[in-house]
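Model the structure of this input:
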Amino acid sequence: MNIENLLKKTISSSQYRAINILSEQFDRLGIRAFIVGGTVRDILLGKAITDIDIVLEADPQDVTSEFDVKCEVEVHSISQFGTCKIILLDQIIDLAMARKEEYLSPGDLPVVEQASFEDDLARRDFSINAFAAGINSSDWCELIDFHNGLADLTSKQIRVLHSKSFEDDPTRIFRGLRYSGRLGFDLEKGTQKKMMEGLRFLSLLSGVRLTNEIRKIFSEENSDAILSLLDQYEVMTYAHESFPNGADLTKRRDLLQSVGIDPHNRGFYAFVSLIGSTERQNAIERLNLGNEFMKFGSDIGRIELLEEKVSRSELNDQLKQISETAIMVAGTYVSRKTKSNLDLFLQELNEIKLLIDGQDLIDLGVPEGPRVGDVLSKTLAHMIESGSLSKSEQLIIAKNFI
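Alright, predicted model coming up:
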């Protein structure tokens with residue numbers, strides 16, 4: 001089966017020209033090269049292609065240096081697994097060395113070695129990601145399907161290639177459910193059974209890898225369906241007992257969208273806020289989310305402990321060091337009275353500013369030294385209790401404290 005017509009329909013003219021240029025270079029160098037994986041899958045499904053993945057039987061870092069200089073290929077980045085991103089005709093293309101993988105322990109990153117193209121397809125996760133199409137002139141756009149991926153694509157099912165796949169790499173659990181939710185495919189019965197058996201290995205994943213998988217789900221257009229699948233298989237619970245379920249995540253993310261929370265981190269703000277206060281710091285550490293989220297977790301914990309009946313000055317003192325993001329997030333789920341206090345702080349107390357300074361007080365006769373700061377503090381405290389004042393009004397109040 002030749003997929004050139006499908007290729008032309010799903011990629012841009014610049015992408016097509018870039019692949020042709022690479023074909024010429026690989027032919028000249030005598031290197032077999034193939035479009036692979038999800039790129040071919042999406043071409044067969046008629047989906048627009050943004051990522052182009054090419055596997056070659058050579059180390060791409062060595063090969064790109066042998067390209068004709070007229071190609072103007074720029075190497076953008078290099079990874080530890082023999083892959084690199086190149087820019088050609090303003091298109092980003094992933095070049096990867098055909099490789100074998102060995103997993104020394106469940107959940108670890110694999111040890112890789114250069115291998116044949118056939119070996120590379122055999123190491124992949126699911127049959128619908130084990131497609132390839134040649135880009136050498138001898139087999140240009142000929143579909144290669146050693147693992148019956150086309151049949152699975154037709155029957156709309158996700159089938160794993162190896163019996164220990166989820167044990168070797170538990171992130172494939174997230175990946176399989178992501179494809180299921182994105183494409184509307186079902187897990188093949190044997191794959192479903194193997195995935196259930198592999199859930200116990202999720203606890204072995206590093207925080208970085210776990211966070212990357214969750215972030216990918218948050219970025220999916222159909223993320224609600226994927227989160228629902230995580231609930232169905234209790235994936236979050238296996239990853240960490242305190243992690244929230246998908247249904248609650250969906251609701252809270254929607255609430256955070258309505259208050260304008262940063263979309264890049266909205267999912268994780270919702271995630272952290274749903275974790276019980278006693279487990280929150282531990283969960284943030286488990287995900288390796290860093291200092292920003294550690295402070296965020298601490299901030300919303302302090303908000304949750306706020307008393308409902310509190311003076312304006314006490315409210316200001318307790319919230320002035322807390323991030324606005326934490327206040328806005330907490331405002332979506334705390335009690336109505338606490339929400340009213342948070343709004344008071346954001347809309348009024350936090351906007352109260354001193355318009356007078358030390359020089360103004362010195363001009364009024366206050367001697368230089370600690371007394372200046374004391375009068376400024378008392379003037380600000382007065383406004384916190386009574387409301388904002390103009391500069392002239394602040395000077396009148398300040399005189400009362402001299």
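
phi, psi of Glu74?
Geometry field for Glu74 lists phi and psi as phi -110, psi 130, criterion degrees, to the nearest 10.

what's the closest non-adjacent residue to it?
For Glu74, ignoring the flanking residues on the chain, the nearest one in space by CB to CB, 6 or more residues apart in numbering is Ile87 at 4.4 Å. For every residue, glycine as well, the C-beta is placed using N, CA and C.

pLDDT below threshold where in this protein?
Across the chain, the ranges flagged by pLDDT under 70 are 80, 82.

okay, now the domains of this protein?
Annotated domains of the chain cover 1-154, 156-239, 358-400 [automatic domain parsing].

Need these in CSV (columns: mean neighbour count and distance to Leu342).
Listed next are these as CSV, based on neighbours: other CB atoms under 10 Å; distance: least, CB to CB, whole Å:
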stretch, mean neighbour count, distance to Leu342
domain 1-154, 17, 40
domain 156-239, 18, 25
domain 358-400, 14, 16
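
so can I have a markdown table of these showing distance to Gln347?
Putting the domains of the chain into a markdown table (distance: least, CB to CB, whole Å) gives the following:
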| stretch | distance to Gln347 |
| --- | --- |
| domain 1-154 | 42 |
| domain 156-239 | 30 |
| domain 358-400 | 11 |
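
Would you state the strands of this protein in chain order?
For the chain, strands defined by DSSP state E occupy the ranges 33-36, 52-56, 74-78, 83-88, 91-97, 99-102, 111-114, 132-134, 143-144, 157-158, 186-187.

Looking at the domains of the chain, spot the one closest to Met328.
The minimum distance between Met328 and these falls on domain 156-239, with 18.2 Å, by CB to CB.

rewinding a little: might one say that the residue nearest to Glu74 is in contact with Val73?
Yes - assessed by CB atoms under 8 Å, Ile87 is found in contact with Val73 at 7.3 Å.

Let me know whether Ala98 touches Val55 as I believe.
Yes - with contact taken as CB under 8 Å, Ala98 and Val55 are classed as touching, separated by 5.2 Å.

who touches both of those two?
When contacts are counted by CB atoms under 8 Å, 6 or more residues apart in numbering, the set common to Ala98 and Val55 consists of 117, 120.

what's the span of stretch 317-326 from first residue to last?
16 Å (CA to CA, to the nearest Å).

What are the buried residues along it?
Of the residues in stretch 317-326, those buried under the neighbour-count criterion (16 or more other CB atoms under 10 Å) are 318-319, 322, 325-326.
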